[in-house]
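Engineer: using only what follows, build the 3D model:
(one chain, ligands or ions: 1)
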Amino acid sequence: MALERTLSIIKPDAVAKNVIGAIVNRFETAGLRIVGQKMMHLSKEQAEGFYAEHKERPFFAALVEFMTSGPIVVMALEGEDAVRKNREIMGATNPQEAAAGTLRADFAETIDENAVHGSDAVESAAREIAYFFSDEEVCARTR
Ligand SMILES: Nc1ncnc2c1ncn2[C@@H]1O[C@@H]2COP(=O)(O)O[C@H]2[C@H]1O
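Structural biologist: You can find the predicted model right below:
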(Lines give C-alpha, C1' and ligand atoms only; values in the text may rest on other atoms or scores of the structure.)
Protein backbone atom coordinates (compact mmCIF):
# COMPACT_ATOMS: atom_id res chain seq x y z
CA MET A 1 0.00 0.00 0.00
CA ALA A 2 1.23 3.47 -0.85
CA LEU A 3 2.49 6.09 1.59
CA GLU A 4 0.22 9.09 1.04
CA ARG A 5 -0.39 12.56 2.40
CA THR A 6 -3.78 14.15 2.84
CA LEU A 7 -5.16 17.45 4.12
CA SER A 8 -7.36 17.55 7.19
CA ILE A 9 -9.17 20.61 8.51
CA ILE A 10 -10.70 20.82 11.97
CA LYS A 11 -13.50 23.29 11.20
CA PRO A 12 -14.69 26.26 13.31
CA ASP A 13 -17.55 24.29 14.94
CA ALA A 14 -15.19 21.61 16.26
CA VAL A 15 -12.58 24.15 17.40
CA ALA A 16 -15.39 25.97 19.28
CA LYS A 17 -16.36 22.67 20.94
CA ASN A 18 -12.77 22.33 22.19
CA VAL A 19 -12.28 18.88 20.65
CA ILE A 20 -9.05 19.52 18.69
CA GLY A 21 -7.15 16.99 20.82
CA ALA A 22 -9.91 14.39 20.65
CA ILE A 23 -9.92 14.63 16.84
CA VAL A 24 -6.12 14.53 16.54
CA ASN A 25 -6.12 11.48 18.80
CA ARG A 26 -8.35 9.57 16.37
CA PHE A 27 -5.90 10.20 13.52
CA GLU A 28 -2.85 9.26 15.56
CA THR A 29 -4.51 6.16 16.99
CA ALA A 30 -5.28 5.05 13.43
CA GLY A 31 -1.58 5.34 12.53
CA LEU A 32 -1.68 8.65 10.65
CA ARG A 33 1.18 11.03 11.44
CA ILE A 34 0.90 14.83 11.51
CA VAL A 35 3.61 16.26 9.23
CA GLY A 36 2.22 19.82 9.16
CA GLN A 37 -0.14 21.65 11.48
CA LYS A 38 -1.30 25.21 12.15
CA MET A 39 -4.21 27.22 13.44
CA MET A 40 -5.56 29.87 11.09
CA HIS A 41 -8.52 32.22 10.86
CA LEU A 42 -9.34 32.22 7.15
CA SER A 43 -10.16 35.41 5.28
CA LYS A 44 -13.16 35.38 2.92
CA GLU A 45 -10.71 35.23 -0.02
CA GLN A 46 -8.82 32.26 1.44
CA ALA A 47 -12.04 30.31 2.08
CA GLU A 48 -13.42 31.12 -1.39
CA GLY A 49 -10.15 30.03 -2.98
CA PHE A 50 -9.98 26.78 -1.06
CA TYR A 51 -13.55 25.83 -1.96
CA ALA A 52 -13.44 27.27 -5.51
CA GLU A 53 -14.72 23.98 -7.01
CA HIS A 54 -18.00 24.55 -5.13
CA LYS A 55 -18.52 28.17 -6.17
CA GLU A 56 -21.63 27.44 -8.27
CA ARG A 57 -23.27 25.34 -5.55
CA PRO A 58 -26.20 26.82 -3.60
CA PHE A 59 -24.42 26.30 -0.27
CA PHE A 60 -21.23 28.17 -1.28
CA ALA A 61 -21.93 31.50 0.47
CA ALA A 62 -22.98 29.75 3.69
CA LEU A 63 -19.91 27.50 3.51
CA VAL A 64 -17.56 30.50 3.18
CA GLU A 65 -19.34 32.33 6.01
CA PHE A 66 -19.05 29.27 8.26
CA MET A 67 -15.40 28.59 7.42
CA THR A 68 -14.50 32.20 8.28
CA SER A 69 -16.59 32.29 11.49
CA GLY A 70 -13.72 31.21 13.75
CA PRO A 71 -10.28 29.63 13.73
CA ILE A 72 -9.57 26.29 12.11
CA VAL A 73 -6.72 23.79 12.43
CA VAL A 74 -5.18 22.62 9.17
CA MET A 75 -3.07 19.47 9.12
CA ALA A 76 -1.08 17.50 6.60
CA LEU A 77 -1.44 13.84 7.58
CA GLU A 78 0.85 11.10 6.33
CA GLY A 79 0.49 7.34 6.33
CA GLU A 80 -0.30 4.21 4.36
CA ASP A 81 -3.53 4.77 2.42
CA ALA A 82 -3.90 8.14 4.20
CA VAL A 83 -6.58 9.63 1.92
CA ARG A 84 -9.01 6.73 2.35
CA LYS A 85 -8.15 6.25 6.02
CA ASN A 86 -8.86 9.91 6.80
CA ARG A 87 -12.22 9.70 5.03
CA GLU A 88 -13.12 6.55 6.92
CA ILE A 89 -12.28 8.22 10.25
CA MET A 90 -14.35 11.31 9.30
CA GLY A 91 -17.49 9.48 8.17
CA ALA A 92 -20.07 10.68 5.63
CA THR A 93 -20.29 14.40 4.74
CA ASN A 94 -23.78 14.50 6.26
CA PRO A 95 -23.43 13.65 9.98
CA GLN A 96 -26.93 12.11 9.89
CA GLU A 97 -25.50 9.47 7.53
CA ALA A 98 -22.13 9.07 9.22
CA ALA A 99 -21.33 5.65 10.69
CA ALA A 100 -21.19 5.30 14.46
CA GLY A 101 -17.79 6.07 15.91
CA THR A 102 -16.74 8.42 13.12
CA LEU A 103 -15.75 12.03 13.76
CA ARG A 104 -18.83 13.48 12.10
CA ALA A 105 -21.17 11.12 13.97
CA ASP A 106 -19.53 12.08 17.25
CA PHE A 107 -18.75 15.79 16.80
CA ALA A 108 -21.09 17.24 14.12
CA GLU A 109 -24.82 17.85 13.83
CA THR A 110 -25.44 19.24 10.34
CA ILE A 111 -24.02 18.94 6.82
CA ASP A 112 -23.20 22.67 6.90
CA GLU A 113 -21.18 22.44 10.11
CA ASN A 114 -19.63 19.00 9.91
CA ALA A 115 -16.52 19.28 12.11
CA VAL A 116 -13.83 18.19 9.64
CA HIS A 117 -12.74 18.30 6.01
CA GLY A 118 -10.56 15.73 4.30
CA SER A 119 -9.13 15.56 0.79
CA ASP A 120 -11.08 13.24 -1.52
CA ALA A 121 -8.15 11.94 -3.63
CA VAL A 122 -4.35 11.91 -3.77
CA GLU A 123 -4.35 14.63 -6.46
CA SER A 124 -6.64 16.99 -4.54
CA ALA A 125 -4.63 16.28 -1.38
CA ALA A 126 -1.44 17.58 -3.01
CA ARG A 127 -3.24 20.72 -4.17
CA GLU A 128 -4.94 21.29 -0.82
CA ILE A 129 -1.75 20.78 1.22
CA ALA A 130 0.05 23.25 -1.04
CA TYR A 131 -2.81 25.73 -0.56
CA PHE A 132 -2.07 26.01 3.16
CA PHE A 133 1.55 24.90 3.64
CA SER A 134 4.87 25.94 2.14
CA ASP A 135 7.39 23.12 1.51
CA GLU A 136 9.27 24.07 4.70
CA GLU A 137 6.10 23.80 6.79
CA VAL A 138 5.64 20.11 5.94
CA CYS A 139 8.18 18.10 7.91
CA ALA A 140 9.10 14.57 6.88
CA ARG A 141 9.34 12.26 9.89
CA THR A 142 13.01 11.39 10.28
CA ARG A 143 12.66 9.13 13.31
N1 LIG B 1 -25.41 19.45 -0.20
C2 LIG B 1 -24.12 19.45 0.13
N3 LIG B 1 -23.27 18.57 -0.44
C4 LIG B 1 -21.95 18.57 -0.13
N5 LIG B 1 -21.40 19.43 0.76
C6 LIG B 1 -22.20 20.31 1.37
C7 LIG B 1 -23.58 20.38 1.09
N8 LIG B 1 -24.12 21.36 1.84
C9 LIG B 1 -23.11 21.89 2.56
N10 LIG B 1 -21.95 21.27 2.30
C11 LIG B 1 -20.64 21.58 2.89
O12 LIG B 1 -19.70 21.91 1.86
C13 LIG B 1 -18.46 21.32 2.24
C14 LIG B 1 -17.50 21.08 1.11
O15 LIG B 1 -16.51 20.13 1.44
P16 LIG B 1 -16.28 19.57 2.92
O17 LIG B 1 -15.74 18.20 2.84
O18 LIG B 1 -15.52 20.56 3.69
O19 LIG B 1 -17.74 19.48 3.57
C20 LIG B 1 -18.85 19.99 2.85
C21 LIG B 1 -20.07 20.39 3.66
O22 LIG B 1 -19.75 20.82 4.97
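Engineer: and Gly49, backbone torsions?
Structural biologist: For Gly49, the backbone dihedrals (degrees, to the nearest 10) come out as phi -70, psi -40.
Engineer: go on, the one 10 residues further on?
Structural biologist: The phi and psi values for Phe59, taken as degrees, to the nearest 10, are phi -90, psi 0.
Engineer: verify the contact between it and Asp112 for me.
Structural biologist: Yes: contact criterion CB atoms under 8 Å: Phe59 and Asp112 qualify, at 6.8 Å. All C-beta spots, glycine's among them, are computed from the backbone N, C-alpha and C.
Engineer: give me the element Glu28 is part of.
Structural biologist: Secondary-structure assignment from DSSP states H and E places Glu28 in helix 20-29.
Engineer: what do you get for Glu65?
Structural biologist: Using DSSP H and E, Glu65 maps to helix 60-67.
Engineer: and the next element down the chain from that helix?
Structural biologist: For helix 60-67, the succeeding helix or strand toward the C-terminus, using DSSP H and E, is strand 72-80.
Engineer: show me what that next one is packed against.
Structural biologist: Packing partners of strand 72-80 (3 or more CB pairs under 8 Å, 6 or more residues apart in numbering; DSSP states H and E): strand 3-10, helix 12-16, helix 20-29, strand 33-40.
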